[in-house]
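> Next input, structure requested:
(4 chains)
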Protein chains: 2
Amino acid sequence: MTAMIPTVPTPSGPGRKRPTIRDVAREAGVSYATVSRVLNGREWVSPEAVRSVREAISRTGYTANPHARSLATGKSGSIAFLLTEPQHLLFEDPNFSVLLRGVAQALSDRELTLILMIASTPEERTRTVAYLSGGHVDGVLLVSPHSGDPLLSQLVRAEVPIVACGRVLGYEQVISSVMADDRNGGRSAVEHLIAAGCQRIATITGPQDTAGGVDRLQGYHDALIAHGLTIEPGRIVHGDWSRESGAAAMRTLLDQSPDLDAVFAASDAMAAGALRVLREAGRDVPGEVRVVGFDDSGLAATTEPPLTTVRHPLDRVSEEMVRLLTDVIAGRTPLSITVPTTLVVRASSPA
Amino acid sequence: MTAMIPTVPTPSGPGRKRPTIRDVAREAGVSYATVSRVLNGREWVSPEAVRSVREAISRTGYTANPHARSLATGKSGSIAFLLTEPQHLLFEDPNFSVLLRGVAQALSDRELTLILMIASTPEERTRTVAYLSGGHVDGVLLVSPHSGDPLLSQLVRAEVPIVACGRVLGYEQVISSVMADDRNGGRSAVEHLIAAGCQRIATITGPQDTAGGVDRLQGYHDALIAHGLTIEPGRIVHGDWSRESGAAAMRTLLDQSPDLDAVFAASDAMAAGALRVLREAGRDVPGEVRVVGFDDSGLAATTEPPLTTVRHPLDRVSEEMVRLLTDVIAGRTPLSITVPTTLVVRASSPA
DNA sequence: TCAATACCTGTAACCGGTCACAGGCTCCTG
DNA sequence: CAGGAGCCTGTGACCGGTTACAGGTATTGA
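This next block holds a predicted model:
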């Protein structure tokens, strides 16, 4: 009769189950608690037990179920990289990519997983806050936060560990951050222009609700004041970091103060936009107008002429962000870290 | 005596526990199974039960523990976006960012989490394979895979659901993919040049171990043959998609066949590199040499002159990749999807 | 010789969900 | 009025780990 039973598809096919810690234990002839100890490097396990467990693991091809582990430990082993800029700005900015690369590397080194979240629209923001507050991740890395963003207060209230890239205005005491020394960077850029003999220096700023936007402008102020130059409101125009906004700002500047002899743009992208407008207006760079950018992004070396700029050490920043976040998760009190910048001189404003 | 007991810090502070499904059940006066049913929209739950569970949820601020859910269901709810290019190529390419944005959006719409993995170095690749095979993710989106990559065979052997961006040469039957119609796109680009009267058309190709590299070159062949033009080996030079490789290829081309009157580059980045070299060589674009790129990346509109290019519809591609991956996870057999391209005419080769 | 100690191991509870199953209730039908 | 169908709910097993605790053995010290 048994011959009539149709052949059952062997469960060893595609649907075969992954070995569990119990399988390994049976294979190694120990209890599953011992396997767990070996897995986690606990002390007081006999050398033989360690060896036989190791062998059993490689024989069975066992890998721990991450979800079971997370459930038991309460740690997810993953970190969210959260972008909140309107999406059209996000990916134009080469800084973003570099930062992302650095963070991915730093997390990978620590065996942490990088979860990328983009919260541009209001619905996305709501969903994101729920997700991040819901224990899916151990911490959040925040890119270019704007101080008025309600998302910030919600995350703070939910007590999610956060490290921001750039000081978060108004949250200095509760959100840790890592940032370039924007103020001194801006100052060094403008002092470079002054040293070259420029007297009528304009600036295209970043958004004034971001620390980078404010600080780089402050550096501009610092340099002018330190050298006895007056600050002309007509020489200060605000941009949003993007190339397009830089071009628009440059048009405004040429209109408001046509006699300018230098421009300090708070981002390379804005500087690139400004260069284009200057060329269209027939102003020679650097002959008639010198231009300095900020970031030393990939863009800077390929503009025409190549940009003198302030190097934003994003590799350092990303590494520090991850290091700081692990500290914050471990219970460290909020802290701000600043990394130094350096001036990179190219043809748009030679030495 | 009780007065001598020191005040214990209230456990309702930062360390308070999140409510569980049992808490909600107690609050709502039902069993936890009923709460689970409401959570998952199961049928046959009384309206009153639904209502009181809903209220209890909002009263307690309950959110489900994702790890517990994953453990019970065996689904992680997350998808890996895997990059395997050497890192220096990765982030120069604007396509990458656009694709990433699109994928993030498409996954978010389906309540799936995007895990970003970068596997450039051998160690990273090993770790990545282990991770992906270990059940952390439900599926993998693969960007610009090279056919010889051992990572591919390992993932295939581990039976991880995969969808690639671009056909994977040699794996067509086992790895699903989504790609632009590169061959017809390349053909249309070259036919545009022929229609403009060009006779000596060169091409800068992508890597010949990627489908995009091969197919775009094939399109070049197709067009030349269809119009009775001969294929000169000296007019075909290989690049790696990057701007720098485009510049190098252009120098080779000017050297090998100085009489060329048009260049079709298989990426906008390479086209941009070629433009720069042509300008340095004093060749007028489009007067003496016409240039067409591929991708219609952000770059294309901002080169000097702006690039005529083949639009690579990455928004469609990303959406299709995610759609296809969910199908593959659900057990669908491998499948390749092609999305059409369109020619975008700009100043580097006007109509 | 006996107890204390160090070292090693196993049992069982627990993390917080999902889901199969059993069972109760109501209503309809023969 | 018995019994089946449809609707709703609760119990308990289970997913695969971690870890507190208890217990066993070998070594040491009094």
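
> Need the distance between the two termini of stretch A:234-254.
10 Å (C-alpha to C-alpha, to the nearest Å).

> Mind listing residues that contact it?
Applying C-beta atoms under 8 Å, 6 or more residues apart in numbering or on different chains, the contact partners of stretch A:234-254 are A:88-89, A:92-93, A:200-208, A:213, A:217, A:220, A:256-257, A:260, A:263, A:265-267, A:269-274, A:276-278, A:281, A:283, B:302. For glycine as for every other residue, the C-beta is placed from the backbone atoms N, C-alpha and C.

> which other helices and strands contact the helix or strand hosting A:I115?
With elements taken from DSSP states H and E, the one containing A:I115 is strand A:113-118. Applying 3 or more C-beta pairs under 8 Å, 6 or more residues apart in numbering or on different chains; DSSP states H and E, one finds that strand A:113-118 contacts strand A:78-83, helix A:94-109, helix A:122-133, helix B:94-109, strand B:113-118.

> Could you export the last one as PDB, keeping only the C-alpha atoms?
To tie it back to what came earlier, the one meant is strand B:113-118. Taking C-alpha atoms only, strand B:113-118 is exported to PDB below (Å, rounded to 0.1, in the frame of the first residue of the first chain):
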ATOM      1  CA  THR B 113      12.600  49.400   4.300                       C
ATOM      2  CA  LEU B 114      15.600  50.200   2.200                       C
ATOM      3  CA  ILE B 115      18.900  48.800   3.500                       C
ATOM      4  CA  LEU B 116      21.900  50.300   1.700                       C
ATOM      5  CA  MET B 117      24.900  48.100   1.200                       C
ATOM      6  CA  ILE B 118      28.200  48.900  -0.400                       C
END
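
> strand partners of it, parallel vs antiparallel please.
Take DSSP bridges as the rule and strand B:113-118 pairs in its sheet with strand A:113-118 (antiparallel), strand B:78-83 (parallel).

> lowest average confidence, helix or strand, in chain A?
Least confident helix or strand, chain A: helix A:87-90 with a mean of 56, by mean pLDDT, DSSP states H and E.

> follow-up on the earlier one: could you dump the strands paired with strand B:113-118 to TSV with mean neighbour count and mean pLDDT?
Converted to TSV, the strands paired with strand B:113-118 look like this (neighbours: other C-beta atoms under 10 Å in any protein chain shown; pLDDT from 0 to 100):
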stretch	mean neighbour count	mean pLDDT
strand A:113-118	22	92
strand B:78-83	24	93
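
> Check the gap between the closest residue to chain B within the stretch 201-350 of chain A and A:R290 for me.
Proximity of the stretch 201-350 of chain A to chain B (C-beta to the nearest C-beta) peaks at A:G298, 6.2 Å away. Remark: distance between A:G298 and A:R290 (C-beta to C-beta, to the nearest Å) = 22 Å.

> got the contact list for the closest residue to A:V322 other than its chain neighbours?
Spatial nearest neighbour of A:V322, excluding adjacent residues (C-beta to C-beta, 6 or more residues apart in numbering or on different chains): A:A106 at 3.8 Å. If you count contacts by C-beta under 8 Å, 6+ apart, A:A106 has them with A:S318, A:E319, A:M321, A:V322, A:R323.

> Same check on A:G148?
Counting by C-beta under 8 Å, 6+ apart, A:G148 makes contact with A:D209.

> Poorly predicted segments of the stretch 151-300 of chain A, please.
Across the stretch 151-300 of chain A, nothing is flagged by pLDDT under 70.

> For the residue positioned nearest the centre of chain A, give its distance to A:A106.
By C-alpha atoms, centre = their mean, the mean C-alpha position of chain A lies nearest to A:L99, the distance being 4.5 Å. Computed as C-beta to C-beta, the A:L99 to A:A106 distance reads 10 Å.

> Tell me the buried residues in stretch A:337-351?
Residues of stretch A:337-351 classed as buried: A:I337, A:T338, A:V339, A:T341, A:L343, A:V344, A:R346, A:S348, A:S349 (neighbour count, 16 or more other C-beta atoms under 10 Å in any protein chain shown).

> correction: stretch A:206-217
For stretch A:206-217, burial by neighbour count (16+ other C-beta under 10 Å) applies to A:G206, A:P207, A:T210, A:A211, A:G212, A:G213, A:V214, A:D215, A:R216, A:L217.

> Could you list the residues in contact with it?
If you take C-beta under 8 Å, 6+ apart as the criterion, stretch A:206-217 is touched by A:144-148, A:166-169, A:177, A:179-180, A:182-183, A:185-186, A:203, A:205, A:236, A:238-241, A:266-267, A:270, A:294.

> And the next helix or strand past the helix or strand hosting A:Y220?
A:Y220 belongs to helix A:211-226 when assigned by DSSP H and E. Past helix A:211-226, further along toward the C-terminus, the next helix or strand under DSSP H and E is strand A:236-238.

> who does that next one pair up with?
Looking at strand A:236-238 with DSSP bridges, its partner strands are strand A:201-205 (parallel).

> From the chain's centroid, how far away is the partner strand?
25 Å (C-alpha atoms, centre = their mean, to the nearest Å).

> Please report the distance of the nearest residue to A:V291 once chain neighbours are set aside from DNA strand D.
Computed as C-beta to C-beta, 6+ apart, the closest residue to A:V291 that is not its neighbour in sequence is A:S348, at 4.4 Å. Distance of A:S348 to DNA strand D, given as C-beta to the nearest atom of the strand, to the nearest Å: 55 Å.

> which residues does A:S348 contact?
Shown in contact with A:S348 (C-beta under 8 Å, 6+ apart): A:271, A:275, A:285-286, A:290-293, A:303, A:305-308.

> Look at it and tell me its secondary structure.
Secondary structure, DSSP: H, G, I helix; E, B strand; the rest coil: A:S348 is coil.

> got a pLDDT number for it?
At A:S348, the model reports a pLDDT of 96.

> got it, and A:R18?
The model's pLDDT for A:R18 equals 83.

> Need the three-state assignment for the residue in the stretch 101-250 of chain A that DNA strand C sits nearest to.
Residue nearest to DNA strand C within the stretch 101-250 of chain A (C-beta to the nearest atom of the strand): A:G135, separated by 8.6 Å. The three-state assignment at A:G135 reads coil, by three-state DSSP.

> got the residues of the stretch 101-250 of chain A near chain B?
A:101, A:104-105, A:108, A:113-118, A:124, A:127, A:130-131, A:133-136, A:159, A:243 (C-beta under 8 Å from any C-beta of the partner chain).

> Which residues are in contact with the nearest residue to A:R54 once chain neighbours are set aside?
Spatially, and ignoring its direct neighbours in sequence, A:R54 is nearest to A:V38 (7.0 Å; C-beta to C-beta, 6+ apart). The contact partners of A:V38, taken as C-beta under 8 Å, 6+ apart, are A:V45, A:A49, A:V50, A:V53, A:R54.

> all helices of the stretch 201-350 of chain A, in order?
Ranges of helices in the stretch 201-350 of chain A, per DSSP state H, counting those that start in this stretch, are A:211-226, A:243-256, A:268-280, A:314-329.

> among those helices, which is the most enclosed?
With neighbours defined as mean count of other C-beta atoms under 10 Å in any protein chain shown, the helices of the stretch 201-350 of chain A peak in mean count at helix A:268-280, which reaches a mean of 24.
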